[in-house]
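Undergrad: no FASTA, just this:
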């Protein structure tokens, strides 16, 4: 296996979850924020319930390393992808990969005892696969009962089972996470069929790296946009990102 292809096959699937939990928080998520009234310390604006960050110096260093990678490496790749690929084509690609990730949502819905939601995921997959040309068109959006079904992941399942976050972690390339959600990321990766060929073959020379790398590439524009929004005008971008991460994970667990 050539070294450059091996590096690509390892880094690009890892970036698949690039800051997926680092999005602008919803109104529901704001319940998780604890802002201290009358405080003058800028850090207080980002005080969040259960924000256990014993590795903050190391996490901050990784945060700024990631910021450089996003701006110097991933952002130009993202801009090139947007320039080359028309918006309707990008949407179709997003729909196909989202449809393929059905096992992640179905299995975790079932493991949490949300059987109605698991059934909805089966219906969505069937409708989009057969009536949406393999998921190219998201036909399930035309059916009210299948629109906006909350997404489930392995990290949410672990939370449902009573597993706490543990220490806050900033992972290289992947961004904000926690000890619990590291296992969640691994579970989601294993359940996603997009990654199965590479996991089984383990040989980048057989082009098994293409599906997970393409999955990463198609997500970059949206994820980088959300990253920019979550740190915009922040006095301390690190604390802003950390706060948003915890808010979103709490919001997802409450759905």
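TA: Great, that's in hand. What you see is a predicted model; the values in this text were computed from it and never measured.

Undergrad: now the strands for this protein?
TA: Secondary structure of the chain (DSSP state E): strands at 168-171, 175-178.

Undergrad: okay, those in JSON lines with mean neighbour count and mean pLDDT next?
TA: The C-beta positions use only the backbone N, C-alpha and C, and glycine is treated the same way. JSON lines is the format used below for those (neighbours: other C-beta atoms under 10 Å; pLDDT from 0 to 100):
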{"stretch": "strand 168-171", "mean neighbour count": "21", "mean pLDDT": "97"}
{"stretch": "strand 175-178", "mean neighbour count": "25", "mean pLDDT": "95"}
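
Undergrad: Can you say which of the ones you listed is nearest to residue 124?
TA: strand 175-178 (27.2 Å; C-beta to C-beta).

Undergrad: what packs against the closest one?
TA: Helices and strands touching strand 175-178, by 3 or more C-beta pairs under 8 Å, 6 or more residues apart in numbering; DSSP states H and E, are strand 168-171, helix 237-254.

Undergrad: Listing partners with orientation, what would you give for it?
TA: If you go by DSSP bridges, strand 175-178 pairs up with strand 168-171 (antiparallel).

Undergrad: out of the strands of the chain, nearest to residue 66?
TA: It is, among these and with distance given as C-beta to C-beta, strand 175-178, at 5.9 Å.

Undergrad: hmm, back to that, in a markdown table, list the strands of the chain along with distance to residue 85.
TA: A markdown table is the format used below for these (distance: least, C-beta to C-beta, whole Å):
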| stretch | distance to residue 85 |
| --- | --- |
| strand 168-171 | 28 |
| strand 175-178 | 24 |
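
Undergrad: Among the ones you listed, which comes closest to residue 100?
TA: It's strand 175-178; of these, that one is closest to residue 100 (C-beta to C-beta) at 22.9 Å.

Undergrad: picking that back up, lowest-confidence stretch among the helices and strands packed on strand 175-178?
TA: Sorting the helices and strands packed on strand 175-178 by mean pLDDT places helix 237-254 lowest, at a mean of 90.

Undergrad: what comes up buried for that helix?
TA: 237-252 (16 or more other C-beta atoms under 10 Å).

Undergrad: Of those residues, which is the nearest to residue 151?
TA: So of the buried residues of helix 237-254, ranked by how close each gets to residue 151 (C-beta to C-beta), first place is residue 252, at 7.7 Å.

Undergrad: For the closest residue to the closest one other than its chain neighbours, give me its contacts.
TA: Among residues not flanking residue 252 along the chain, residue 156 sits closest, at 5.5 Å (C-beta to C-beta, 6 or more residues apart in numbering). Under the criterion of C-beta atoms under 8 Å, 6 or more residues apart in numbering, the neighbours of residue 156 are 108, 112, 184, 252-253.

Undergrad: out of those, what pair is the most spread apart?
TA: 112 and 184 (12.6 Å).

Undergrad: Show me the helices in the stretch 51-200 of the chain, by range?
TA: Along the stretch 51-200 of the chain, counting by DSSP state H, counting those that start in this stretch, helices occupy 56-69, 75-84, 87-100, 102-111, 115-130, 154-160, 179-191, 196-201.
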